[in-house]
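[1] Provided below for reference: sequence and predicted model.
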Amino acid sequence: SDPYHYKKSSGINAEYGEEVHIQKIMRALLFNIHEGFTNSVASPSQARSMSPWEGENSDVTSDIDPDQLARHVLQDLVSRASYGQIKSLMLPLLYFIDNQKLWVPNKFATHCMSLIMHSIQMSSAYIAIAQLLAHLEEHKDASAKLRCSIVEVVSAAVSIASTESIGPTILELFGSLLKYLKMSVDTCNIENVEVEIIKEEEEFQDTIVQSVGQFSHGLQTYQKIEICTFILQNMPLTTDTEEEIQFESMLLKCIMKITTSVNTNNDKSIGLPTLFPLSLIGPLQRLSLSDSPKTRTMTQQIFHSILDRHNNHEKVVPTVTLGELPEENIFVGPQKKQDVLFFKRNGPEVYFHLYESILKEDNDLDNYTCTFRTAVLWCLEVPVDEVLIELIHMAFGLQDEACSSSRSNVNILHSLVAAFLVFASRYSRNEALDQHITNIIRKRQSEKPHLLPQVAFSAIDKDSEFDNAVEESLSSVMFDATVVAECLNQQGMNVDRLSDPYHYKRAAIPRTPESVKSLRVSMLDARVSDVQISLQEEITFDTLKQALQHRQQMALATNNSSKERLLSHESYEDSVARTAEKMSHITALKQQIFSSFKGGEVSPTESLHSLIDLDNLTNLSIDLPDMYVY
């Protein structure tokens, strides 16, 4: 018969389906594929279209080269492989690439994985990806170039696989990548490490970040949010060392890669409760108050990617422009009940964190710009009066802080207040409010130009002729909260909050188990027994459990140590006397208990006989059926 004759079946023949036979077949196929790979590499789609057995009994002609035939056989084997045979097909491939040192460069490895992923059953594709991750674990101590190549192959495999096929290993996949990312960051901070190794590790870190973004591109929005939450849970609790700072920065880059595709599907129906679960918005708000300006900027950019469902963030800039704005310049989203309810629960806390972030004196231009955009985007995405009032209330809080303090960023604060109120007047389309704001802006242009964004922002990190100290003659160029409240009240808005000084009552916000879990210690000296809790440590169930266990261990250790000291210094006669004293006390208690039954002092034996009638003891016997008698 024709040696190339191949008859299709529903699966791999049982005779050849054993692991030993599959591995031998795979090694032969890989050898032929590698032989022809150096000359020409056909794409997977071309290889599939040139399959020589389109019919039931088609024969392979003699002019087909071994490379092409091997690719066809490999794809057909993979397409027929059952759930348990995928591992037997993957291991020979991985070991062949190891032995032939074909990871760097990884063109052959990528080509073979492309053939496999285009042919594998989608329900089993995640097994191939899991095998690649396991192989990366085996090479965790290898060079950064080799690990980088393996990650690139994993990324190529995931991009081919459908969303459903990688579902069971999503968190495992991301967890593995974060572990390797942490190891790489630690390697870069080893003392006396070579510069070339640091460059390779940084390239490996960038590859992981790019791969994370590619992995999440095909996922649903709720899955992306869950992955962001998962990454935030791996954030270091402190940033006291250079390793922790770098690792936090890399994790934020991963989240940014994921969130850039959150709103790319143009699904405007997704509500804020889905986009910002408490397990996500809470950690992000804490990061927005980080000591690092870079961390604060990246956090606000993450807010932009998730919050901006109408592509407005690039159009929102902290500037002051008098005159009408084009209506099509900024798109205001529709009112949604779920968004309004979400803001009523979380809005005051959201704007309070923005307020605290703006007050940071080490902010740079990116910090101010990004924070301004976040505050305005909340108004555009939740177009209700409560959000605008909260924004204006925060703006007047910044103005009061700038007028009553000697901060180094006083001019910036005044300029941001002007930008916020200009936006509010245009957003509310209130002519009276717009007139008041316009008058103050024109006075500043002529008298105090350094209190406007165009001048104040240009002076950041530069020597400016304007002093940041508190000026006494600013009352004429300050915005009047009373006038603003009256203008908004005439429009039918509830402006009661504007009459109060800006502050945030944390107790007014309803708490949930998730938010309680992430509550941070704010007391100056928090102690549980002898356990000192750090001011930055989170109070969780585990920390309380550890504190109680530590307390019990300390009590037991103290008791044992006191007994040891007593026995080591006490004589035998003293021990006997102390024991006799305890026994007499126990005997007295027994006499007291037994005397309570008959009103007098009796011995334990007499009391027991009086309570139990030994003659009628047989009445206590129980008749059991024969089936229970053994």
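    Looks like it came in fine. Numbering: from 1, shown residues only.
[2] going forward, measure contacts and count neighbours with C-alpha atoms only.
    OK.
[3] show me where the stretch 401-550 of the chain has strands.
    527-528, 531-532 (DSSP state E, counting those that start in this stretch).
[4] Compare the ones you listed and say which comes out lowest on pLDDT.
    Across those, strand 527-528 has the smallest mean pLDDT, namely a mean of 38.
[5] Check the gap between T587 and V576 for me.
    According to CA to CA, to the nearest Å, T587 and V576 sit 16 Å apart.
[6] let me redo that: T239
    59 Å.
[7] next one: P277
    Counting by CA to CA, the gap from P277 to V576 is 67 Å.
[8] quick one: which of these two has more around it?
    With neighbours defined as other CA atoms under 10 Å, P277 and V576 compare such that P277 has more, 15 against 11.
[9] pLDDT score for the more buried one?
    Value for P277, per-residue pLDDT: 94.
[10] what sits against it?
    Applying CA atoms under 8 Å, 6 or more residues apart in numbering to P277 gives no contacts.
[11] Which residue ranges of the stretch 101-250 of the chain form helices?
    107-119, 125-138, 144-160, 170-188, 195-217, 221-233, 242-259 (DSSP state H, counting those that start in this stretch).
[12] Packing partners of the longest one?
    Going back to what we said before, that points to helix 195-217. Contact analysis of helix 195-217 by 3 or more CA pairs under 8 Å, 6 or more residues apart in numbering; DSSP states H and E lists helix 144-160, helix 170-188, helix 242-259 as its packing neighbours.
[13] Report all helices and strands that the last one contacts.
    Okay, so that is helix 242-259. Using 3+ CA pairs under 8 Å, 6+ apart, helix 242-259 is in contact with helix 170-188, helix 195-217, helix 221-233, helix 293-307.
[14] Could you do the first one as well?
    Contact analysis of helix 144-160 by 3+ CA pairs under 8 Å, 6+ apart lists helix 107-119, helix 125-138, helix 195-217 as its packing neighbours.
[15] Tell me what angle the longest one forms with helix 221-233.
    Regarding helix 195-217 and helix 221-233, their directions subtend 150 degrees when assessed with axes from the mean of the first three to the mean of the last three CA atoms, to 10 degrees.
[16] Kindly export helix 195-217 (C-alpha atoms) in CSV.
    Extracted in CSV, the C-alpha atoms of helix 195-217 (Å, rounded to 0.1, in the frame of the first residue of the first chain):
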residue,chain,number,x,y,z
VAL,A,195,24.7,46.5,34.0
GLU,A,196,24.1,44.1,31.2
ILE,A,197,22.0,41.8,33.4
ILE,A,198,20.0,44.8,34.6
LYS,A,199,19.2,45.7,31.0
GLU,A,200,18.2,42.2,30.1
GLU,A,201,15.9,42.0,33.2
GLU,A,202,14.3,45.3,32.3
GLU,A,203,13.6,44.0,28.8
PHE,A,204,12.1,40.9,30.4
GLN,A,205,9.9,43.1,32.6
ASP,A,206,8.7,45.1,29.7
THR,A,207,7.8,41.9,27.8
ILE,A,208,5.7,40.7,30.8
VAL,A,209,3.9,44.0,30.9
GLN,A,210,3.2,43.8,27.1
SER,A,211,2.1,40.2,27.5
VAL,A,212,-0.3,41.1,30.3
GLY,A,213,-2.0,43.6,28.1
GLN,A,214,-2.3,41.2,25.2
PHE,A,215,-3.6,38.4,27.5
SER,A,216,-6.5,40.7,28.7
HIS,A,217,-7.3,42.2,25.3
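[17] Can you spell out which helices and strands pack onto the host helix or strand of T374?
    Using DSSP states H and E, T374 sits within helix 365-381. Helices and strands touching helix 365-381, as assessed by 3+ CA pairs under 8 Å, 6+ apart, comprise helix 293-307, helix 337-358, helix 385-404, helix 410-428.
[18] As JSON lines, these with mean neighbour count, mean pLDDT and distance to D98 would be great.
    What follows is the helices and strands packed on helix 365-381, written out as JSON lines (neighbours: other CA atoms under 10 Å; pLDDT from 0 to 100; distance: least, CA to CA, whole Å):
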{"stretch": "helix 293-307", "mean neighbour count": "22", "mean pLDDT": "95", "distance to D98": "39"}
{"stretch": "helix 337-358", "mean neighbour count": "18", "mean pLDDT": "94", "distance to D98": "51"}
{"stretch": "helix 385-404", "mean neighbour count": "21", "mean pLDDT": "93", "distance to D98": "59"}
{"stretch": "helix 410-428", "mean neighbour count": "23", "mean pLDDT": "92", "distance to D98": "58"}
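[19] Relative to F230, which of the ones you listed is closest?
    Among these, the nearest to F230 by CA to CA is helix 293-307 (15.0 Å).
[20] the inter-axis angle of that closest one versus helix 337-358?
    170 degrees.
[21] on contacts alone, who are the packing partners of helix 293-307?
    Packed next to helix 293-307, using 3+ CA pairs under 8 Å, 6+ apart, are helix 242-259, helix 272-275, helix 278-287, helix 365-381.
[22] Nearest to I25, out of the helices and strands packed on helix 195-217?
    It's helix 144-160; of the helices and strands packed on helix 195-217, that one is closest to I25 (CA to CA) at 22.5 Å.
[23] So which residues make contact with the closest one?
    103-106, 109-110, 113-114, 117-118, 129, 132-133, 136, 139-140, 166, 197, 200-201, 203-204, 207-208, 211, 214-215.
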